[in-house]
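Participant: Let's see this in three dimensions:
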Amino acid sequence: MPIELDDRGRALENEYFRRKEQELLAKMKAKIQSDETKSLELQCPKCDGTLHATEFENIKIDVCDKCHGVWLDAGELAQVTHKEHGWFAKIFG
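Facilitator: Next up, the predicted model:
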């Protein structure tokens with residue numbers, strides 16, 4: 001009879017640790033997925049806000065969600081300055 005209790009105890013113990021391992025794996029997968037999405041987001045160099053791509057006069061620019069700063073990628077400033085009827089060309093043209 002005591003052998004059956006030992007077997008049952010080991011089975012319960014194994015089930016407990018299997019469940020804990022599954023919970024830990026689920027938490028680790030969620031953390032990895034959230035880290036991957038965070039790494040894809042660009043951070044504002046001024047305030048550490050998140051930059052969101054926005055289209056302005058058919059040019060994609062990055063705008064910060066906190067400080068509302070505008071950041072241009074390579075070639076975007078040239079596109080803005082070469083527009084003949086754009087607001088930037090009126091100021092600096």
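
Participant: which residues of the chain score low on pLDDT?
Facilitator: Within the chain, the ranges that satisfy pLDDT under 70 run 1-3, 36-40, 83-93.

Participant: Which residue ranges of it form helices?
Facilitator: For the chain, the helices defined by DSSP state H cover 2-40, 76-82, 87-92.

Participant: So which of those helices is the most surrounded?
Facilitator: helix 76-82 (a mean of 14; mean count of other CB atoms under 10 Å). Glycine gets a C-beta too; all of them are placed from N, C-alpha and C.

Participant: just checking, what packs against that helix?
Facilitator: strand 59-64, helix 87-92 (3 or more CB pairs under 8 Å, 6 or more residues apart in numbering; DSSP states H and E).

Participant: Now do that helix: distance to the chain's middle.
Facilitator: In terms of CA atoms, centre = their mean, to the nearest Å, the centre of helix 76-82 is found 28 Å from the chain centre.

Participant: Extract the C-alpha set from that helix and format it as PDB.
Facilitator: Once non-C-alpha atoms are left out, helix 76-82 reads as follows in PDB (Å, rounded to 0.1, in the frame of the first residue of the first chain):
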ATOM      1  CA  GLU A  76      13.200  63.100 -47.300                       C
ATOM      2  CA  LEU A  77      14.600  66.600 -46.700                       C
ATOM      3  CA  ALA A  78      15.700  66.700 -50.400                       C
ATOM      4  CA  GLN A  79      12.100  65.700 -51.400                       C
ATOM      5  CA  VAL A  80      10.600  68.500 -49.300                       C
ATOM      6  CA  THR A  81      13.000  71.200 -50.600                       C
ATOM      7  CA  HIS A  82      12.500  70.200 -54.300                       C
END
